[in-house]
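Asker: using only what follows, build the 3D model:
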Amino acid sequence: MTVYRGATLIYTGGKPISNLTKPEYPGAAVMQFFGKGSLFGIPFPVILFLLVFAAYYLILNKTTMGRKIYAVGSNDKCANLAGISISKVKLAVYSISGLMAAVSGMVLLSRLNSAQPTLGSGYELDAIASVALGGTSMNGGRGKITGTLIGILIIAVLNNGLNILGISSYYQDVVKGLVILIAVLSDKNR
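Answerer: Residues are numbered from 1 along each chain as shown. The predicted structure is shown next:
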């Protein structure tokens, strides 16, 4: 992560690239719709979120791939003995994670109409906190996507509440770190 972040800073000179949705750019209309468009009065990022959530809910709960993911997360040695290709499952999960990070980056880029080399810094902490609060075991193999949704909502309310209260972003990181710590400690006691 640090290597890519540093390469981005070198490539851009640390400066944001703005006005990416100008009509003269190819794909500008699609880019603008991706983050700011709406269908039937519902913002497209919300629709995208719901579609992705539904797809991964079905994958994790209704397919053999979902069972394999839980098996590898729970105990990869036992999963290997059961005939599951651990490397294929891990490659698929990491690829999906990268794809979702890219989609999130595109939505954020479209909403801000600017590509900033340090834009996503700190979002990994929000992701970990959401998953931990949702009840997913940090040791793997236990957790539900619906719990993660609840964790996302808690972190969103926490972020917005701290912003409304005018609390510095430095203190917000401390609060989120403490939330993760509490979630991990409670996970150890289960």
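Asker: now the helix or strand harbouring Val89: buried residues?
Answerer: Per DSSP states H and E: Val89 is located in helix 86-112. Neighbour-count burial for helix 86-112, counted by 16 or more other CB atoms under 10 Å, picks out 89, 104, 106-110. (C-beta placed from N, C-alpha, C; glycine too.)
Asker: pLDDT on that helix, on average?
Answerer: Averaging pLDDT along helix 86-112 gives 90.
Asker: what's the first helix or strand after it?
Answerer: Toward the C-terminal end, the helix or strand that comes next after helix 86-112 (DSSP H and E) is strand 114-115.
Asker: tell me the strands beside that following strand, with direction?
Answerer: Paired neighbours of strand 114-115 in the sheet (DSSP bridges): strand 17-18 (antiparallel).
Asker: next helix or strand past the partner strand?
Answerer: Next along the chain after strand 17-18, taking DSSP H and E as the criterion, comes helix 28-36.
Asker: buried set for that next one?
Answerer: Neighbour-count burial for helix 28-36, counted by 16+ other CB under 10 Å, picks out 31-32, 34-35.
Asker: for Gln116, see how far away the spatially most central residue of the chain is.
Answerer: Closest to where the C-alpha atoms of the chain average out (CA atoms, centre = their mean) is Ala127, at 5.3 Å. Distance, Ala127 to Gln116, using CB to CB, to the nearest Å: 19 Å.
Asker: now the protein, which segments are flagged as low pLDDT?
Answerer: 141, 187-190 (pLDDT under 70).
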